[in-house]
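Visitor: Next comes the sequence, and after it the predicted model I'd like to discuss.
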Amino acid sequence: ELDIIQRILQPLWDYLHQNHHDLLRSPLFPVVLSVSTYFLLVGIYTMLDLLAPTWPSINRYRLHPDKPVTWPNIWTTLGITIYNHLFFIFPAAVAQWLWRPPTPLTRDAPSLWSFFLGILGCMVVFDFQYYLWHLLHHRVPWLYRTFHAIHHQYNQPFSLVTQYLSGWELFSVGFWATVDPILLNCHCLTTWGFMVFNVYVSTEDHCGYDFPWAMHNLVPFGLWGGAPKHDAHHQRPGTNYAPFFSHWDWLGGTNTMPTASGFSASDEPEELKEKKD
């Protein structure tokens with residue numbers, strides 16, 4: 001029985017290995033997988049954003065049901081997203097295609113245990129890296145103004161704000177997501193699973209919805225931040241720095257619980273006031 005559980009991913013891996021061998025070995029495949037996953041998820045959330053004002057069954061799950069996402073919001077964030085993909089992700093993908101060797105594909109799939117443990121390990125390492133990066137870019141005014149302030153132009157994030165970033169921030173996040181599975185010696189199937197899951201939870205963090213099936217409602221004991229806590233971070237940027245888990249914010253004294261009330265202009269965070277000045 002234990003052997004069956006360990007080999008549960010083998011049929012899937014055999015199918016991919018036999019039918020998509022060249023595609024999976026391409027250094028471009030991880031980039032295509034991450035980008036396509038991101039735009040698929042953003043497309044779904046954006047459709048919900050546009051339907052929400054006239055569909056109460058959707059709008060009741062929004063963190064700010066009285067503040068709909070508008071077309072100008074969508075075009076602005078989509079414009080920066082496309083710009084970043086054209087001028088940062090595409091050149092990086094080409095460089096990876098030219099200089100990185102093809103991905104070696106082993107005959108054996110990872111066990112189900114090592115697959116999920118590898119993804120969890122990558123998430124824990126990534127969470128720590130980004131917590132420190134995020135904290136530093138809020139505590140050092142020059143770093144905030146130069147690189148991170150663009151992401152805080154929206155006090156109530158929606159899915160397209162996920163990659164409404166400076167090129168430096170996008171590069172940092174992409175670099176860790178690429179390197180962490182290598183550091184943990186993950187199977188390539190585990191690496192791809194981590195990349196997809198990472199994109200999913202990053203988009204969910206910014207989606208602006210509190211669905212019953214969201215990660216923060218599934219993970220017990222408040223261990224997962226989720227959309228409500230990241231929404232609170234956009235309103236109170238001195239809190240909730242960790243992207244996924246809650247333990248670093250607890251330990252660092254930067255944890256805060258989200259509130260239903262919004263913020264007026266007079267309550268605007270100092271970092272945003274400084275940016276406007």
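Guide: On my side now, so go ahead.
Visitor: Skipping its backbone neighbours, what lies nearest the residue sitting nearest the centre point of the chain in space?
Guide: The chain has Ser202 as the residue nearest its centroid, 2.0 Å off, counting by Cα atoms, centre = their mean. Spatial nearest neighbour of Ser202, excluding adjacent residues (Cβ to Cβ, 6 or more residues apart in numbering): Thr162 at 5.5 Å. Using the backbone N, CA and C atoms, a C-beta is placed for each residue, glycine as well.
Visitor: quick one: the one you found and Phe39 touch, right?
Guide: No. Contact criterion Cβ atoms under 8 Å: Thr162 and Phe39 do not qualify, at 10.9 Å.
Visitor: Between these two, which has more neighbouring residues?
Guide: For Thr162 versus Phe39, neighbours defined as other Cβ atoms under 10 Å are more numerous around Thr162 (23 against 17).
Visitor: and the more buried one, how far is that from Gly222?
Guide: 23 Å (Cβ to Cβ, to the nearest Å).
Visitor: dump the residue contacts of the closest residue to Leu9 other than its chain neighbours.
Guide: Excluding the flanking residues, the one nearest Leu9 by Cβ to Cβ, 6+ apart is Ala109, at 4.1 Å. By Cβ atoms under 8 Å, 6 or more residues apart in numbering, the residues touching Ala109 are 7, 9-10, 12-14, 187, 189.
Visitor: would you list the residues you listed in TSV and tack on secondary structure, distance to Pro65 and pLDDT?
Guide: Converted to TSV, the contacts of Ala109 look like this (DSSP: H, G, I helix; E, B strand; the rest coil; distance: Cβ to Cβ, whole Å; pLDDT from 0 to 100):
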residue	secondary structure	distance to Pro65	pLDDT
Arg7	coil	47	80
Leu9	coil	41	92
Gln10	helix	46	92
Leu12	helix	40	92
Trp13	helix	44	94
Asp14	helix	47	93
His187	coil	43	95
Leu189	helix	40	96
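Visitor: Pipe those residues into JSON lines and attach neighbour count and distance to Phe87 per row.
Guide: Listed next are these as JSON lines, based on neighbours: other Cβ atoms under 10 Å; distance: Cβ to Cβ, whole Å:
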{"residue": "Arg7", "neighbour count": "14", "distance to Phe87": "44"}
{"residue": "Leu9", "neighbour count": "20", "distance to Phe87": "37"}
{"residue": "Gln10", "neighbour count": "15", "distance to Phe87": "41"}
{"residue": "Leu12", "neighbour count": "11", "distance to Phe87": "36"}
{"residue": "Trp13", "neighbour count": "20", "distance to Phe87": "36"}
{"residue": "Asp14", "neighbour count": "13", "distance to Phe87": "39"}
{"residue": "His187", "neighbour count": "20", "distance to Phe87": "32"}
{"residue": "Leu189", "neighbour count": "21", "distance to Phe87": "31"}
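Visitor: so which of those residues comes closest to Pro56?
Guide: Lowest distance from Pro56 to the contacts of Ala109 (Cβ to Cβ) belongs to Leu12, with 40.0 Å.
Visitor: if I look at that closest one, how far off is Gly118?
Guide: Separation of Leu12 from Gly118 (Cβ to Cβ): 16 Å.
Visitor: in stretch 83-90, what's buried?
Guide: Within stretch 83-90, the residues scored as buried using 16 or more other Cβ atoms under 10 Å are 84-85, 88-89.
Visitor: what's around Trp55, how many residues?
Guide: By other Cβ under 10 Å, the residues close to Trp55 number 11.
Visitor: and it, what pLDDT?
Guide: On pLDDT, Trp55 comes in at 96.
Visitor: Can you tell me how far it is from Val31?
Guide: 35 Å.
Visitor: Also Cys186?
Guide: Distance from Cys186 to Val31, by Cβ to Cβ: 17 Å.
Visitor: rewinding a little: point me to the helix or strand that includes the residue nearest to the centre of the chain.
Guide: Counting by DSSP states H and E, the element that carries Ser202 is helix 188-206.
Visitor: From the contact counts, what lies against that helix?
Guide: Under the contact criterion of 3 or more Cβ pairs under 8 Å, 6 or more residues apart in numbering; DSSP states H and E, helix 188-206 touches helix 29-51, helix 112-139, helix 167-183, helix 226-235.
Visitor: Just name the most buried of the ones you listed.
Guide: With neighbours defined as mean count of other Cβ atoms under 10 Å, the helices and strands packed on helix 188-206 peak in mean count at helix 226-235, which reaches a mean of 23.
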